[in-house]
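J.: Below is the structure, and that's it, no one-letter string:
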């Protein structure tokens, strides 16, 4: 779509007033546009045990999807890393860079690029291992944790938002 129709579609007004057999057609993208506008600080989070359970459910769903469809169809190494970092933090575990690469499910060089990007956008941070100079930990930043808590909470409370 180009021009006014494309602009109307992009801002959601394309669906305003559309009717089918006398009924107004709902905008199928509305739940997703609303979710994009959510400030992580405005979300009342789930209790910690429920957050951890939901995060584990998302991770398990990704593993099942990968087993059924193959990893190549839905690769998302950055998301895999964020889920691993969130679950590990909730469990009180540290995640080494090497472990994060494994969690990404892609070749190490690709995983390292995604880790660098997560650090660049301030969702994750690197911390030196206290006793091994050759090793480093990867952790969610406060910003990253807030976004993960908001995502997990909103997705657990919404029937309209698909699993990631």
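T.: Noted; the coordinates are in hand. This one's a predicted model, so the numbers in the text were calculated from it and none came from an experiment.

J.: Now name the helix or strand holding the spatially most central residue of the chain.
T.: Closest to where the C-alpha atoms of the chain average out (C-alpha atoms, centre = their mean) is residue 79, at 5.2 Å. Following DSSP states H and E, one finds residue 79 within helix 77-91.

J.: What of residue 125?
T.: strand 124-128.

J.: and the next element down the chain from that strand?
T.: strand 136-140.

J.: which helices and strands does that following strand pack with?
T.: helix 77-91, strand 95-96, helix 97-104, strand 124-128 (3 or more C-beta pairs under 8 Å, 6 or more residues apart in numbering; DSSP states H and E). No exception for glycine: its C-beta is placed from N, CA and C like everyone else's.

J.: Can you mark which positions in the longest helix along the chain are buried?
T.: When the chain is parsed with DSSP state H, its longest helix is helix 48-69. Of all the residues in helix 48-69, those buried under the rule 16 or more other C-beta atoms under 10 Å are 51, 52, 54, 55, 58, 59, 62, 66.

J.: My guess is the fifth one contacts residue 82. True?
T.: No. When contacts are counted by C-beta atoms under 8 Å, residue 58 is not listed as touching residue 82 (10.0 Å).

J.: ok, back up a step: with respect to residue 146, which of the helices and strands packed on strand 136-140 lies nearest?
T.: helix 77-91 (11.0 Å; C-beta to C-beta).

J.: hang on, the earlier thing: rebuild the helices and strands packed on strand 136-140 as a markdown table, extending it with distance to residue 155.
T.: Below are these laid out as a markdown table (distance: least, C-beta to C-beta, whole Å):
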| stretch | distance to residue 155 |
| --- | --- |
| helix 77-91 | 12 |
| strand 95-96 | 22 |
| helix 97-104 | 20 |
| strand 124-128 | 20 |
